[in-house]
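Asks: Sequence unavailable; structure follows:
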């Protein structure tokens, strides 16, 4: 292994056979990560926060948050910090203190699974509705639950088509409805309007559950007061990611579910805990890392981070448009959408791409210098292809996918 070359399959096989130069392997992984960091602007992981204190002091032992966050016994754990994280996130979202429950997950997908498992257990005949712009984990979760999924159109900006949702719910009014709204879609960071969704459900007298997948944008929108889980919201659950906006150096997240929407959990004799979570054992280090960023930065610190990132995103749009690349963003978003650049640019800058559309994400820690270097690379190549503006619906989003 030399330079920044990636490990091949043959290299990987050799790593399981002695003798192994462990230091060389670890150094190579670090070199690869450092080399990629300068041009990694396509995926949503903040890189501006320092978690060295937690990793140094806690990183060399097992912290196993087994069972429910309210459980007290067991091996070394950080449940007291997990409960503090849950309380902070729930308070930030204005979730009623007498109707909340949650835990630290492995990430947004587990959060979605936990919430939808709860909803499906309560409404086993329900249809689960999600948009074409929703996270790729949703169809998988529907299959895992043995449920019926209904895919709803999204407009060109990535926001759910509420008229299409109403038509789909209306066709299935004899079944309860579980609807997944997205706060920060994967490609454009669009935010579905939960008030409009709730109006559709109320208009059809559809009993069910409204869940919000807010992996990227949940905390920033909550800090703005734009996303709330108070009693008037009609939202029953939410999942956020800890390694995106909060930049925790291990995949993790938080799921919050109304306590009144949950079912009774069984008690495990072996562990003397309640079996309320998907994984049972949970990473106590992740809870400590989340608590650390909450304790050290608070609401104001994280609000400042969001503001700075959005300003950089606005600057990026201006620079791209000035260079002849018709970029755009939602006003709240860190995500900048642009026509798909040539392959050499996409690979260098690790851009996320879907057909004719790519995006970069101005997460906290991305710099003006990185943006300027990216724009310079674009100006050195052929003119871009046009991209549909937010008010134009691409052809591929007009199709209807559904199952009864």
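Replies: Right, received. Where do you want to start? Since the model is a prediction, treat every value here as computed from it, not as a measurement. Residues are numbered from 1 along each chain as shown.
Asks: where are the low-confidence patches of this protein?
Replies: 1-13, 16, 18, 382-404 (pLDDT under 70).
Asks: now the strands: where do they sit in the protein?
Replies: Assigned by DSSP state E, the chain shows strands spanning 101-105, 127-131, 148-152, 177-182, 208-213, 237-241, 253-257, 267-268, 273-274, 335-339, 352-354, 357-361, 401-402.
Asks: Out of these, which one sits most buried?
Replies: Comparing these by mean neighbour count (mean count of other C-beta atoms under 10 Å), strand 237-241 ranks first with a mean of 30. Where C-beta positions appear, they are placed from N, C-alpha and C, glycine not excepted.
Asks: one step back: residue 380: which of the strands of the chain is closest?
Replies: Proximity to residue 380 (C-beta to C-beta) singles out strand 335-339 among those, at 15.5 Å.
Asks: ok, the residue lying closest to residue 212 once chain neighbours are set aside - contacts?
Replies: Nearest residue to residue 212, sequence neighbours excluded (C-beta to C-beta, 6 or more residues apart in numbering): residue 238, at 4.4 Å. Residues near residue 238 by C-beta atoms under 8 Å, 6 or more residues apart in numbering: 93, 111, 115, 211, 212, 213, 214, 218, 229, 255, 256.
Asks: would CSV of those residues with distance to residue 14 be doable?
Replies: Formatted as CSV, the contacts of residue 238 follow (distance: C-beta to C-beta, whole Å):
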residue, distance to residue 14
93, 48
111, 37
115, 42
211, 45
212, 45
213, 40
214, 42
218, 42
229, 50
255, 40
256, 45
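Asks: Closest one to residue 271 out of those, please.
Replies: residue 255 (20.5 Å).
Asks: re earlier: quickly list what the residue nearest to residue 212 is bridged to.
Replies: residue 212, residue 256 (DSSP bridges).
Asks: Residue 335 now?
Replies: residue 361.
Asks: Please renumber the chain so that the first residue is 652 from this point on.
Replies: Understood, numbering begins at 652; the last thing we discussed is residue 986.
Asks: residues in contact with it?
Replies: 695, 838, 839, 840, 964, 980, 1010, 1011, 1012, 1013.
Asks: are any of those residues buried, and which?
Replies: 695, 838, 839, 840, 964, 980, 1010, 1011, 1012, 1013 (16 or more other C-beta atoms under 10 Å).
Asks: of all these, which comes closest to residue 791?
Replies: residue 838 (18.2 Å).
Asks: So that closest one sits against residue 1006, correct?
Replies: No - the pair residue 838 and residue 1006 does not pass the contact test of C-beta atoms under 8 Å, sitting 9.9 Å apart.
Asks: circling back: which one of the strands of the chain lies closest to residue 700?
Replies: Proximity to residue 700 (C-beta to C-beta) singles out strand 888-892 among the strands of the chain, at 14.2 Å.
Asks: ok, now which ones touch residue 865?
Replies: Contacts of residue 865 by C-beta under 8 Å, 6+ apart are 833, 834, 835, 872, 878, 889, 890, 891.
Asks: Would you mind giving those as CSV with distance to residue 678 added?
Replies: As requested, those are exported to CSV (distance: C-beta to C-beta, whole Å):
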residue, distance to residue 678
833, 40
834, 39
835, 36
872, 40
878, 42
889, 40
890, 36
891, 34
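Asks: Would you mind measuring from residue 699 to residue 896?
Replies: 10 Å (C-beta to C-beta, to the nearest Å).
Asks: what is in contact with those two at once?
Replies: Joint contacts of residue 699 and residue 896 (C-beta under 8 Å, 6+ apart) are 956, 1015.
Asks: okay, those two: which has more neighbours?
Replies: residue 896 (29 against 13; other C-beta atoms under 10 Å).
Asks: what about the spatially closest residue to that one that is not a sequence neighbour, neighbour count?
Replies: Spatial nearest neighbour of residue 896, excluding adjacent residues (C-beta to C-beta, 6+ apart): residue 870 at 5.2 Å. Residues lying near residue 870 (other C-beta under 10 Å) number 28.
Asks: Redo the contacts of residue 986 as CSV? Include distance to residue 992.
Replies: Converted to CSV, these look like this (distance: C-beta to C-beta, whole Å):
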residue, distance to residue 992
695, 19
838, 15
839, 17
840, 19
964, 17
980, 17
1010, 11
1011, 10
1012, 15
1013, 17
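Asks: Closest to residue 680 out of these?
Replies: Nearest to residue 680 among the contacts of residue 986: residue 695, at 21.7 Å, using C-beta to C-beta.
Asks: What are the phi and psi values at the closest one?
Replies: phi -90, psi 70 (degrees, to the nearest 10).
Asks: Show me where the protein has its helices.
Replies: 660-665, 673-688, 703-709, 730-743, 759-773, 788-796, 813-822, 845-854, 869-875, 935-973, 994-1000, 1019-1030 (DSSP state H).
Asks: right, so of those, which gets closest to residue 988?
Replies: For residue 988, the closest of these is helix 935-973, at 9.0 Å, according to C-beta to C-beta.
Asks: Now do the buried residues in the closest one.
Replies: 935-945, 953, 956-957, 960-961, 963-964, 967-968, 970-971.
Asks: Specify the angle between that helix and helix 1019-1030 in degrees.
Replies: Helix 935-973 runs at 50 degrees relative to helix 1019-1030, counting by axes from the mean of the first three to the mean of the last three C-alpha atoms, to 10 degrees.
Asks: Off-centre distance for helix 935-973?
Replies: 14 Å (C-alpha atoms, centre = their mean, to the nearest Å).
Asks: Could you do stretch 886-905 as well?
Replies: That offset, for stretch 886-905, works out to 6 Å (C-alpha atoms, centre = their mean).
Asks: thinking residue 857 is in contact with residue 822, fair?
Replies: No - contact between residue 857 and residue 822 fails when scored by C-beta under 8 Å: they sit 11.5 Å apart.
Asks: Next, work out how far apart residue 1026 and residue 967 are.
Replies: 8 Å.
Asks: next one: residue 779
Replies: Residue 779 is 35 Å from residue 967, by C-beta to C-beta.
Asks: Residue 780 too?
Replies: Residue 780 is 33 Å from residue 967, by C-beta to C-beta.
Asks: Leaving out chain neighbours, which residue sits closest to residue 764?
Replies: In space, residue 764 is closest to residue 792, 5.1 Å off (C-beta to C-beta, 6+ apart).
Asks: now do residue 819
Replies: Nearest one to residue 819, counting by C-beta to C-beta, 6+ apart, is residue 801 at 5.2 Å.
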